[in-house]
Every structure is written in C-alpha cells, then in structure tokens.
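# following is a predicted model, sequence given first.
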Amino acid sequence: MKKIIALAIAFMVCAGMTSIGTWAYFSDTQTSTGNLFAAGTLDLSPSTSGTGPTGKYTVTAGGNQANGKVIFQKLLPGESGSITWVLTNNGTLSGNLTIASIVAFTKGSGNEIKTAAGDNGSDSNGFLDEYLGVKLQRGVGTDQASATANFTYIIGSAGSYVPFSSLQAALNGAGFAMAASGGNDTIAYRFSWEIGTLFGGVNPNIIQSDGAQIDITFILNQ
C-alpha cells in the first residue's frame with residue numbers, strides 16, 4: 001500500500017512539471033522609430049529699392065549674397081529721395097537683427113562759387129553731413145506691405161529732417177527681433193533725404209561736389 005501511494009505522488013509531480021512547459025503568457029510590444037534631430041534655420045533675404053529725381057538715381061535690388069544699393073548723382077537743392085531696405089527671415093528660427101553701418105563723407109573740389117558760399121577749406125568732410133536733411137523709419141510685419149504700413153520714425157519726423165551726420169548711430173541702434181517664417185518675419189527700413197531743409201541762412205552752393213556714402217550690413221543671429 002505504501003508503495004502504491006508513493007508511485008501516485010511521483011506521477012502527480014511529474015505531471016505538474018510537464019504542464020508548466022505548455023502554459024501561454026500575455027504579451028504587448030510597443031515601438032519608437034524614426035527619432036531624428038534636425039537643426040533649425042536662419043535665412044535672411046534682403047531687397048533694396050529707391051526713389052529720387054528723374055534720371056538722377058539708379059537702383060540695384062540685390063538679394064541673397066548680392067549687394068543692393070542706390071546711387072544718387074548730380075543733385076540740386078530742393079531735390080529729395082529715399083532708400084528702402086526690406087529684410088525677411090525665411091528660416092524656421094526667430095532671430096535678432098543687428099546693423100553695422102559706416103557713413104563716410106567726401107569733400108569735393110573747390111571752385112570760386114563754393115568758396116564764395118563760405119567754404120574756406122577747413123572742413124575735410126565737406127558739408128553734406130551738416131546741410132543734407134535725413135529721416136530714418138522702421139516697420140515690422142508679416143510681409144513687406146504690412147512692414148511698410150507700420151513705419152515709425154527712428155530719427156526725424158513727418159515734417160522734420162535731421163543732419164546726415166545723425167544717420168550712422170541711428171542705423172547701428174536700429175536692430176530688432178525677427179520672428180521665424182510665418183510670423184512677424186519682415187523688417188523694413190526707409191532712409192529719406194532732402195537737400196535744402198537745413199541750410200537756414202547758409203548759401204547752398206557750399207555743398208557743391210561734396211559726397212556721402214552709406215555702407216550697411218544686416219546681421220541676423222539666433
């Protein structure tokens with residue numbers, strides 16, 4: 001009797017061990033594929049335009065890596081014009097626009113008319129820096145039309161010009177934040193000038209053959 005019981009127990013244990021190997025388990029699998037890292041972009045796209053006396057100015061519109069400029073020649077008292085620079089951030093990141101500018105003046109060759117007007121040769125820069133009136137405006141928007149519609153004055157005002165010599169510092173301090181493409185990604189600057197607004201009692205012949213040049217660099221940093 002004891003032997004039979006012992007065999008029965010042994011059989012039950014073996015049977016239990018065999019059934020463990022045939023059990024099934026629940027399972028669940030999740031995946032994470034295509035994990036990528038992509039850097040954003042800053043892409044500053046410029047354009048240049050201008051207005052001025054008929055036949056006395058030329059415009060090179062410029063663009064990416066191309067110099068845009070406006071050249072005014074043979075100007076007379078009473079004439080006026082403007083240069084408009086439009087900058088657009090076509091990238092995916094917002095950035096800060098800064099400006100580095102140099103305004104240089106040159107003294108033209110003297111003649112009896114220039115001398116009679118008061119040019120005694122002491123001003124090596126000529127007189128455009130003092131007697132050519134300028135204004136500077138800035139506007140920000142989602143495109144060129146909205147940016148120019150939002151123009152506000154940085155120097156000068158609707159009815160008032162300031163000396164040309166004020167321009168460099170104003171430009172260098174006129175940077176602004178730019179949104180990424182799709183936001184307020186466009187900034188426009190308009191530089192306006194007029195000969196004859198600042199002479200007062202000075203003979204305008206004093207500026208004959210004097211010149212000025214503006215070199216301007218726009219920099220967009222993240």
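That came through, no problem. Numbers count the residues shown, from 1 in each chain.
# for the protein, give me the ranges with low pLDDT.
By pLDDT under 70, the low-scoring segments of the chain are 1-23.
# so where do the helices sit in it?
All helices of the chain, identified by DSSP state H, fall at 2-20, 112-116, 128-131, 144-149, 167-172.
# what segments of the protein are strands?
Using DSSP state E, the strands found in the chain span residues 44-51, 57-60, 69-72, 80-89, 95-106, 132-141, 152-155, 162-163, 176-178, 186-195, 211-221.
# dump the ones you listed into TSV; add distance to G118 and mean neighbour count as well.
(C-beta placed from N, C-alpha, C; glycine too.) Below are the strands of the chain laid out as TSV (distance: least, CB to CB, whole Å; neighbours: other CB atoms under 10 Å):
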stretch	distance to G118	mean neighbour count
strand 44-51	31	18
strand 57-60	28	15
strand 69-72	24	17
strand 80-89	23	20
strand 95-106	17	16
strand 132-141	16	21
strand 152-155	26	15
strand 162-163	17	16
strand 176-178	40	17
strand 186-195	16	23
strand 211-221	18	15
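# mind putting those in a markdown table, distance to Q30 included?
Shown next, in a markdown table, are those (distance: least, CB to CB, whole Å):
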| stretch | distance to Q30 |
| --- | --- |
| strand 44-51 | 43 |
| strand 57-60 | 59 |
| strand 69-72 | 60 |
| strand 80-89 | 39 |
| strand 95-106 | 39 |
| strand 132-141 | 46 |
| strand 152-155 | 55 |
| strand 162-163 | 67 |
| strand 176-178 | 41 |
| strand 186-195 | 44 |
| strand 211-221 | 41 |
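# show me what the nearest residue to S80 once chain neighbours are set aside is bridged to.
Once flanking residues are discounted, S80 sits nearest to E194: 3.9 Å by CB to CB, 6 or more residues apart in numbering. Beta-bridge pairing of E194 under DSSP bridges involves S80, G133.
# what's the spacing between E194 and L132?
Per CB to CB, to the nearest Å, E194 is found 8 Å from L132.
# right, and the strands of the chain - which one's nearest A117?
For the strands of the chain, proximity to A117 was assessed by CB to CB; strand 186-195 is nearest, at 13.8 Å.
# next, the angle from that closest one to strand 132-141.
Orientation check (axes from the mean of the first three to the mean of the last three CA atoms, to 10 degrees): strand 186-195 against strand 132-141 gives 160 degrees.
# hang on, the earlier thing: wait, doesn't the residue nearest to S80 sit right on L76?
No. In this structure, E194 is not within contact of L76 by CB atoms under 8 Å, at 11.3 Å.
# shared neighbours of those two, anything?
With contacts taken as CB atoms under 8 Å, 6 or more residues apart in numbering, E194 and L76 have no neighbour in common.
# now do the contacts for the nearest residue to G196 once chain neighbours are set aside.
Counting by CB to CB, 6+ apart, P77 is the residue found nearest to G196 once chain neighbours are left out, at 4.2 Å. Contact analysis of P77 by CB under 8 Å, 6+ apart lists 195-196, 199, 204.
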